[in-house]
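Enquirer: Need a 3D model of the following:
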Amino acid sequence: MASTAEVNPAFAGNNTGPVLGEAEFREFQQMIFAVAGIHMQASKRTMVAGRLSKRLKALNLQSYAAYGQYLRRDANEKQVAVDLLTTNETYFFREPRHFEFLRDRIVPGHSGRRPFRLWSAACSSGEEAYSAAMVLSDTLGKSGWEILASDISTQVLSKARAGRYPMTRTDKIPEQCLKSYCLRGIGEAEGSLMVDPALRAKMDFRQINLNTRLPDVGLFDVIFLRNVMIYFNSETKQQIVARLQSCLRPGGHLIIGHSETLNGFQNGLEAVMPSVYRAAK
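Expert: Numbering: from 1, shown residues only. The predicted model follows:
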């Protein structure tokens, strides 16, 4: 039997599995910053270890250092790691004042001469985008609007395209929207909810990395960028806001999370209310 001194330093004991050391954590910090512009604080070390541990088991790797080496060789696995480290919790009609503002203040000012376009720019598993779609369908009808929903994570985009959610995650959906746009699962699907196929057909889900040059997506009346900038440093925030601002129509609105602000880098954007900004006309 090996003595304590001979035990692999990647393990803290027989039952705890590999330990994410400081050097390995810095490597993952640098990787996610280079790919997504996300600044992973030291306090996230336990979270990173937990989310990546399943990949060590799946690949039969004995340490996080070995997994880091694997990522440098395998671009597909790097995307898996990005998926695991960038997935954030969301839910339907989160921060409802934004959807009320969309319904009551923004949409009524739309001329109707062209489609109303909205971009959910960090859509995660799709709840934000579908919430906006319900509002637009209620106010503009079944046609006359378009939604682009994007995320860096392919994993959450797959969930978003499927449009299927546990019933326990749908308690914030207004009753009328539940009746009009959602189907309750039966049989094997009992306990889940499916967004109506007609609404899902209106959605364009794409993988887009906001930390790089954007593809040609056209101009939008509204861009949602909520609860994601808290993960960026000031320089990255400024770059991302500038990229998205170039995709706003004159007079279009950029909506961020209630806990976020554009103070110091909202050139050309006027604060309408906390977390809502309008581009110059």
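Enquirer: use CA for all of it now, contacts and neighbours both
Expert: Fine.
Enquirer: Tell me which residues of the helix or strand harbouring Leu178 come out buried.
Expert: Assessed by DSSP states H and E, Leu178 sits inside helix 175-181. Neighbour-count burial for helix 175-181, counted by 16 or more other Cα atoms under 10 Å, picks out Leu178, Tyr181.
Enquirer: And for stretch 188-205?
Expert: If you call a residue buried by 16+ other Cα under 10 Å, then stretch 188-205 has these buried ones: Ser192, Leu193, Met194, Val195, Asp196, Leu199, Arg200, Lys202, Met203, Phe205.
Enquirer: now swap in stretch 91-102 and tell me
Expert: Quick answer for stretch 91-102 (16+ other Cα under 10 Å): Tyr91, Phe92, Phe93, Arg94, His98, Phe99, Leu102.
Enquirer: how close does Lys179 get to Leu193?
Expert: According to Cα to Cα, to the nearest Å, Lys179 and Leu193 sit 11 Å apart.
Enquirer: can you give me the strands in the protein?
Expert: With DSSP state E, the ranges of strands along the chain come out as 116-120, 145-151, 164-166, 182-184, 192-195, 203-207, 220-225, 248-256, 269-273, 276-279.
Enquirer: Not counting residues beside it along the chain, what's closest to Ser32?
Expert: Heads up, residue 32 is Ile, not Ser. Ile38 (6.0 Å; Cα to Cα, 6 or more residues apart in numbering).
Enquirer: ok, of the buried residues of stretch 91-102, which one's closest to Phe265?
Expert: Of all the buried residues of stretch 91-102, the one sitting nearest Phe265 is His98; the distance, using Cα to Cα, is 21.3 Å.
Enquirer: follow-up on the earlier one: can I get the buried residues of stretch 188-205 in JSON lines with distance to Arg26?
Expert: Converted to JSON lines, the buried residues of stretch 188-205 look like this (distance: Cα to Cα, whole Å):
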{"residue": "Ser192", "distance to Arg26": "39"}
{"residue": "Leu193", "distance to Arg26": "40"}
{"residue": "Met194", "distance to Arg26": "40"}
{"residue": "Val195", "distance to Arg26": "40"}
{"residue": "Asp196", "distance to Arg26": "44"}
{"residue": "Leu199", "distance to Arg26": "42"}
{"residue": "Arg200", "distance to Arg26": "40"}
{"residue": "Lys202", "distance to Arg26": "41"}
{"residue": "Met203", "distance to Arg26": "37"}
{"residue": "Phe205", "distance to Arg26": "32"}
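Enquirer: hmm, back to that, show me how far the helix holding Leu178 is from its chain's centre.
Expert: Counting by Cα atoms, centre = their mean, to the nearest Å, helix 175-181 is centred 24 Å from the centre of its parent chain.
Enquirer: and if you look at stretch 145-162?
Expert: 9 Å.
Enquirer: Buried residues in that stretch, which are they?
Expert: 145-157, 160-161.
Enquirer: Quick check: the gap between Asn233 and Asn211.
Expert: On the measure of Cα to Cα, Asn233 and Asn211 end up 12 Å apart.
Enquirer: same question but for Ala34, I mixed them up
Expert: For Ala34, the distance to Asn211 - Cα to Cα - is 9 Å.
Enquirer: more neighbours, the two?
Expert: Asn211 (19 against 13; other Cα atoms under 10 Å).
Enquirer: Next, the more buried one: phi, psi?
Expert: With angles defined as degrees, to the nearest 10, Asn211 sits at phi -90, psi 0.
Enquirer: List the residues that contact it.
Expert: By Cα atoms under 8 Å, 6 or more residues apart in numbering, Asn211 lies in contact with Val35, Ala36, Gly37, Thr236, Gln239, Ile240.
Enquirer: Looking at neighbours, which among the residues you listed is most surrounded?
Expert: Gly37 (24 neighbours).
Enquirer: tell me the contacts of it?
Expert: Gly37 neighbours (Cα under 8 Å, 6+ apart): Asn211, Phe232, Thr236.
Enquirer: of all the strands of the chain, which lies closest to Gln30?
Expert: Closest to Gln30 of those is strand 145-151 (Cα to Cα; 19.8 Å).
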